[in-house]
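Asks: Build me a model:
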Amino acid sequence: MVWIPGGTFLMGSDKHYPEEAPAHKVRVDGFWMDAYLVTNADFAAFVEATGYVTVAERTPKAEDYPGALPHMLVPGSMTFRKPKKRVDMRNHYNWWVWTPGANWRHPYGPDTSIEGRERHPVVHVAYEDVEAYLAWAGKTLPTEAEWEFAARGGLEGKEFAWGDELTPGGQYLANFWQGEFPYVNHKLDGYEGTSPVGAFPPNGYGLFDMIGNVWEWTCDWYQAGHTPSRTCCAVNNPRGGARERSYDPAQPDVRIPRRVLKGGSHLCAENYCRRYRPAARMPQAIDTGTNHIGFRGIVRVQAPTTLTSF
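Replies: I've put the predicted structure just below:
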């Protein structure tokens, strides 16, 4: 872990997606943060020690998913499937597929594995899985503000974690999609899919993969924009109205609350989901992981006498 000094910063953005606005000043206290995303090897050690079974490995209950077809109520998760041609970009089911047997051990389905991918970030982890791992590790999730402050690496108001230019000097500093999403990826950054943690340079605080690779869970309930009345999960009352406001209004019959994801992923592209930026944010239902969502932990303690890592 590395020490993230506290401070005041400009959170959000008024120049990009509406849910990032308004930009506003926020202060956070110092904390320790994992330098790397939690990897497959890390998560395997947790499962071996505890016998934990992830949400994707359990059979869904019919009462939790009104209207779901019976054949869909099997253990599995959502996976990305690259189409072979241009598709209607208004329908994300043109590239997202419910895949029986997909889970953290089998990221693209039962015939795939994590062998040789021990240093890749663990994926297909629902919010409950993340909480269980972090409790075992003696850590917790960052708030959205803590995560964004850390991702900026000490740079105030910059578009990316390293400055205002996406590829300074032609160098790719994060794992994101190059080409026309979702069917052409030129892999100019060297990867299609996830990359091993630490494959790209760290930010100013010594944190790796804060941008791209996989989205990261935070503990804040999602709301479409930054509002002064927003209830922060870890600092204020976790059972306030923020949870109720986090439900997806497009699915009134499925009352599954949503948390904030940060950082973008290897599926973010110039022509779609340009969210490989510290200010970017996305809602995610707490019962669902996919093959582009991971996490890292923090520890909130008093500032050390010297700013070293441990």
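Asks: pLDDT below threshold where in the chain?
Replies: 228-240, 302-310 (pLDDT under 70).
Asks: ok, 80 please
Replies: Filtered on pLDDT under 80, the chain yields the residue ranges 227-241, 249-254, 302-310.
Asks: Strands along that one, start to end?
Replies: 2-4, 7-11, 24-28, 31-33, 76-80, 96-100, 215-221, 258-262, 281-285, 293-294, 298-299 (DSSP state E).
Asks: Not counting sequence-adjacent ones, nearest residue to Pro182?
Replies: Take Pro182 and drop its neighbours on the chain: the residue closest to it by C-beta to C-beta, 6 or more residues apart in numbering is Trp95, 4.2 Å away. In short, each C-beta sits where N, CA and C put it, glycine included.
Asks: still on that earlier bit, which of the strands of the chain is buried the deepest?
Replies: Among the strands of the chain, judged by mean count of other C-beta atoms under 10 Å, the one packed with the most neighbours on average is strand 293-294 (a mean of 28).
Asks: Which residues are in contact with Pro201?
Replies: Going by C-beta atoms under 8 Å, 6 or more residues apart in numbering, Pro201 touches Trp162, Leu173, Phe208.
Asks: rerun at 6 Å
Replies: Leu173 (C-beta atoms under 6 Å, 6 or more residues apart in numbering).
Asks: now do Pro100
Replies: Residues near Pro100 by C-beta under 6 Å, 6+ apart: Val74, Gly76.
Asks: Can you name the residues bridging to it?
Replies: Using DSSP bridges, the bridge partners assigned to Pro100 are Gly76.
Asks: any idea how far it lies from Ala56?
Replies: For Pro100, the distance to Ala56 equals 10 Å [C-beta to C-beta, to the nearest Å].
Asks: What of Lys25?
Replies: 39 Å.
Asks: ranges for the helices of the stretch 51-200 of the chain?
Replies: Remark: helices assigned in the stretch 51-200 of the chain by DSSP state H, counting those that start in this stretch are 127-137, 144-152.
Asks: Out of those helices, flag the one nearest Thr288.
Replies: Smallest distance to Thr288 across those (C-beta to C-beta): 8.7 Å, for helix 127-137.
Asks: any idea how far stretch 284-291 is from the chain center?
Replies: How far stretch 284-291 lies from its chain's middle: 10 Å, per C-alpha atoms, centre = their mean, to the nearest Å.
Asks: Using TSV, please lay out the strands of the chain together with distance to Ala49.
Replies: Below are the strands of the chain laid out as TSV (distance: least, C-beta to C-beta, whole Å):
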stretch	distance to Ala49
strand 2-4	25
strand 7-11	36
strand 24-28	32
strand 31-33	22
strand 76-80	23
strand 96-100	28
strand 215-221	21
strand 258-262	25
strand 281-285	27
strand 293-294	20
strand 298-299	19
